[in-house]
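Asks: Sequence first, then the predicted structure:
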Amino acid sequence: MLGALAPSIMVMASAVVLMVVFVFLWRRSLDPFIEILVYDDEKRLLGLKITTSNATILVLNVYLPYQRYDNVDEYQAILGKIQAISDSFDSSNSFIVGDFNADLIKTSLFSPFLNSFISECHFIPSEIMYLPPDSFTYVSDAHGSRSWLDQVLCTHSSHSSVSDMVINKNATKDIANKMLNLLKPSDLLPI
């Protein structure tokens, strides 16, 4: 069951100024099931392909450009890459997680692009289903305002396997170490 696997894999995105570091953590016993996917030296996308006799799963960690007009073209181009990766993946079990730098609850510069992407790709923003509407993953040092910039987008089959989700509130205070944890998914992997 994926329930045994999920607490073993944590997705972390660390951002320092313009340098981005992705980190996936898992138990060593899961090594035979996991392949790291690098996309043409793309600094904003890193994936895991998890394969067992029962399922193949894509976990794609993303870090999209921050919201400003100069970044609109790059933002849309990266959404296009994510769509191409998802479309070409050999399974319908995908989790696209990370810092999308767009709030799906509040209107922002990139929100329309992300909402359109979600609709076109038939993704489900699972975090909205499992977390309270006042959730946030970013606190502005300048204004103290809160935003929900980190998302968990799932295909229909992956979304149906998620039974719970939490945000590490302590990590949201430090943008250099924020985490989004998927907890208790079930029924995809017989480990």
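Replies: Now that the structure is in, tell me what you want to look at.

Asks: Could I get the average pLDDT for stretch 157-169?
Replies: Mean per-residue pLDDT for stretch 157-169: 79.

Asks: buried residues in it?
Replies: Buried positions in stretch 157-169, judged by neighbour count with 16 or more other C-beta atoms under 10 Å: 158-162, 165, 167. Every residue, glycine included, has its C-beta placed from N, CA and C.

Asks: cool, stretch 43-50 as well?
Replies: By 16+ other C-beta under 10 Å, the buried positions in stretch 43-50 come out as 44-50.

Asks: Repeat that for stretch 87-105.
Replies: Buried residues in stretch 87-105, counted by 16+ other C-beta under 10 Å: 89, 91, 93-104.

Asks: for stretch 136-146, same thing?
Replies: For stretch 136-146, burial by neighbour count (16+ other C-beta under 10 Å) applies to 136-138, 146.

Asks: Assign a three-state SS to the residue nearest to residue 93 when sequence neighbours are not counted, would you?
Replies: Nearest non-adjacent residue to residue 93, counting by C-beta to C-beta, 6 or more residues apart in numbering: residue 57, 4.4 Å away. Put simply, residue 57 is strand when judged by DSSP: H, G, I helix; E, B strand; the rest coil.

Asks: Count residues in the vicinity of residue 57, would you?
Replies: For residue 57, the neighbour count with other C-beta atoms under 10 Å is 27.

Asks: Residue 116 now?
Replies: By other C-beta under 10 Å, the residues close to residue 116 number 12.

Asks: tell me the SS of it?
Replies: Three-state assignment for residue 116 (three-state DSSP): helix.

Asks: the longest helix in the chain is where?
Replies: The helix spanning the most residues in the chain, taking DSSP state H as the definition, is helix 72-88.

Asks: related to what we said a few turns ago, among the buried residues of stretch 87-105, which are located in strands?
Replies: Residues of these located in strands (DSSP state E): 93-99.
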